[in-house]
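Chemist: Mind looking at a prediction? Sequence and model below.
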Amino acid sequence: MHLSDVSFDSNSQIDFDGTNDFINSSSAIHIIGDQSWEAVFHADAAPDSPAGIITNHKFNSSPPSNMGINYVNQNGTYQLGASIGFTDGTRVYDSHRTNNTTISLNTKYHVVMTYDEVNNRLIWYINGELDTTHNLTKTPAFSNIQMCSGRWTASYNDYYFNGKIYTTRVYNRTLTADQVKQNYNVFKNRFNL
């Protein structure tokens, strides 16, 4: 892992200040097909939209491949948005978002975004509960890319996250609702959600 300008709080948790700190994986990671993206975080400020919580982006390619979880501002309402690069060369970063949950500042959340390749579907879970489902009309593109936490992408010098990201995970499978709930219960106790 590569840490850049990262500071730590009194509990040794990484504290992103929203200006210049982030974490990159030391090597590219290839995630393709069914997958799940998971994070426990809290935000200290409004998003520098789209502030990356956990992503892997390669938008300067054709097609732009990317997937991940962003913290976004939708007309003054803070939500989570999916980053997706599609095979037709388009990408999104704040649509396909959580619909039933508004992110409050200084509140811890457990979030899981799953991608089901067979049905071309995204599913969002917040604190172990289903939030919303998005049936995609385009096909995501995937390639070997560094993982990034704390800003939108490993190579883009903007859109930083302000707050704490306690843990992130990426699975090469679609977690079931029961598995998401089980993970939430573990993290609920560990991080006092």
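Modeler: In hand now; what should we look at? Quick caveat: nothing in here was measured; it's all calculated off a predicted structure.
Chemist: who touches the residue nearest in space to the middle of the chain in this structure?
Modeler: What sits nearest the mean C-alpha location of the chain, by CA atoms, centre = their mean, is residue 69, with 2.0 Å. Residue 69 sits next to 37, 39, 52, 53, 54, 55, 80, 81, 82, 83, 111, 113 when contact means CB atoms under 8 Å, 6 or more residues apart in numbering. Bear in mind the C-beta positions are built from the backbone N, C-alpha and C, glycine included.
Chemist: what are the pairing partners of the helix or strand hosting it, and which direction each?
Modeler: Following DSSP states H and E, the helix or strand that holds residue 69 is strand 65-74. Paired neighbours of strand 65-74 in the sheet (DSSP bridges): strand 51-58 (antiparallel), strand 77-85 (antiparallel).
Chemist: where among these is the average confidence lowest?
Modeler: Of all those, strand 51-58 carries the lowest average pLDDT, namely a mean of 82.
Chemist: residues in contact with that strand?
Modeler: Residues from elsewhere that reach strand 51-58 (CB under 8 Å, 6+ apart): 18, 22, 29, 31, 37, 39, 41, 64-72, 80, 83, 85, 111, 143, 145-156, 159-162, 165, 168, 170.
Chemist: quick one on the thing from earlier: beta partners for the residue nearest to the centre of the chain?
Modeler: residue 54, residue 82.
Chemist: ok, it to residue 107 distance?
Modeler: As for residue 69, its distance to residue 107 is 16 Å (criterion: CB to CB, to the nearest Å).
Chemist: what's the answer for residue 42, then?
Modeler: 6 Å.
Chemist: and these two? which has more neighbours close in?
Modeler: Between residue 42 and residue 107, counted using other CB atoms under 10 Å, residue 42 has the larger neighbour count: 17 against 10.
Chemist: And the helices in this protein, which stretches?
Modeler: 177-191 (DSSP state H).
Chemist: looking at it, which helix or strand does the model trust least?
Modeler: Lowest on mean pLDDT, DSSP states H and E among the helices and strands of the chain sits strand 2-4, with a mean of 50.
Chemist: count of neighbours near the closest residue to residue 177 other than its chain neighbours?
Modeler: Leaving aside its chain neighbours, residue 177 sits nearest to residue 130 (6.5 Å; criterion: CB to CB, 6 or more residues apart in numbering). Neighbourhood size, residue 130 [other CB under 10 Å]: 14.
Chemist: Residue 130 reaches residue 123, doesn't it?
Modeler: Yes: counting by CB atoms under 8 Å, residue 130 does reach residue 123; the two are 7.0 Å apart.
Chemist: Any regions of the protein where pLDDT drops low?
Modeler: 1-13, 22, 24-30, 58-65, 154-156 (pLDDT under 70).
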